[in-house]
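Engineer: My questions are about this predicted structure, shown below with the sequence.
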Amino acid sequence: MLMLEVHNMAEQIYRLLRGRIEDGRIALGARLHISHLAEELGVSTTPVREALNQLHAEGLAAWTPRVGIFVVDPSPEEIKHLCHARLCVERGMAPDVVQRATPEILAELALLADQLDEDLRNREWKPTSFHALYAGIPGNPILQELHQRAHGPLNILFGMAIKEAPREALDGHVDEERAICRAIAAHDCPALEEALRRHVDSLQALLLSHAARRKEDS
């Protein structure tokens, strides 16, 4: 019972910290002090450490030996590596996705793309599960973990970039997700692979542009 309580508490702390990272209250590159967080939240260090391990597993935080754990702050080169890794995993999943996607999953993907459109028009986007849903279609948990490690940091950066991104870039992002949906619905693996490539390429361009502006402002 005690272990279950610690796990549930760790999940709540993880969601709290992830939310703070997503909305900028915890800055990219910031150190996450286990003892400070435990004191702030009124808990022991055990659930905090478990929550930080989950952030690390999702690629949102990194341990530095003998120093501590920090929120990731990918360099332009690391952004390229993350995008390449995500594209490799998503394109590798494509044959299984076009075979296994049910009408219900397709409808949910389309709904998430519509929600993205609405959110981006208001520039009030919150991370959605479009790509997480896509990655779950093949039913391979190892691939899902690999996908999350690449997708997690890119999601955080995307949430920051959209606040100042050109309108046409945001519209294009939505159109690309809808193209992914159409390719899956048509069971067209080559079209899906091409749609994924265009989507990740434009994401990379958007994030690199944002990283350059951040560097200029620093």
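Structural biologist: Ah, there it is.
Engineer: just checking, next helix/strand downstream of the host helix or strand of residue 150?
Structural biologist: Element membership for residue 150, per DSSP states H and E: helix 141-161. Once helix 141-161 ends, the next helix or strand along the chain (criterion: DSSP H and E) is helix 167-185.
Engineer: Remind me what whatever helix or strand comes next after that following helix packs against, helices and strands.
Structural biologist: Reading on from helix 167-185 to the C-terminus, the next helix or strand found by DSSP H and E is helix 189-217. Contact partners of helix 189-217 among helices and strands, from 3 or more CB pairs under 8 Å, 6 or more residues apart in numbering; DSSP states H and E: helix 76-100, helix 141-161, helix 167-185. Heads up, the C-betas are built off the backbone N, CA and C, glycines and all.
Engineer: nearest to residue 34, of those helices?
Structural biologist: The closest of the helices and strands packed on helix 189-217 to residue 34 is helix 141-161. By CB to CB, the value is 20.2 Å.
Engineer: can I get the CA coordinates of that closest one in CSV?
Structural biologist: Coordinates of each C-alpha in helix 141-161 appear next as CSV, following Å, rounded to 0.1, in the frame of the first residue of the first chain:
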residue,chain,number,x,y,z
PRO,A,141,6.3,-0.7,-26.3
ILE,A,142,10.0,-0.5,-27.1
LEU,A,143,9.3,1.7,-30.2
GLN,A,144,6.9,3.8,-28.1
GLU,A,145,9.6,4.5,-25.6
LEU,A,146,12.1,5.4,-28.3
HIS,A,147,9.5,7.7,-29.9
GLN,A,148,8.7,9.4,-26.6
ARG,A,149,12.4,10.2,-25.9
ALA,A,150,12.6,12.1,-29.2
HIS,A,151,9.1,13.5,-29.2
GLY,A,152,9.0,14.8,-25.6
PRO,A,153,11.7,17.5,-25.9
LEU,A,154,10.4,18.5,-29.4
ASN,A,155,6.9,18.9,-28.0
ILE,A,156,8.2,21.3,-25.3
LEU,A,157,10.1,23.4,-27.9
PHE,A,158,7.2,23.5,-30.2
GLY,A,159,5.0,24.9,-27.5
MET,A,160,7.5,27.7,-27.1
ALA,A,161,8.0,28.3,-30.8
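Engineer: what's the spacing between that helix and its chain's center?
Structural biologist: 3 Å (CA atoms, centre = their mean, to the nearest Å).
Engineer: pLDDT on that helix, on average?
Structural biologist: Computed over helix 141-161, the mean pLDDT rounds to 91.
Engineer: Ok, stretch 71-90 next?
Structural biologist: 96.
Engineer: That stretch: which residues count as buried?
Structural biologist: Residues of stretch 71-90 classed as buried by neighbour count (16 or more other CB atoms under 10 Å): 71, 72, 73, 74, 79, 82, 83, 85, 86, 87, 89, 90.
Engineer: what's near enough to touch the residue nearest to residue 144 when sequence neighbours are not counted?
Structural biologist: Leaving out its chain neighbours, the residue that sits closest to residue 144 by CB to CB, 6 or more residues apart in numbering is residue 135, at 5.1 Å. Neighbouring residues of residue 135 by CB atoms under 8 Å, 6 or more residues apart in numbering: 89, 90, 93, 143, 144, 147, 148, 151.
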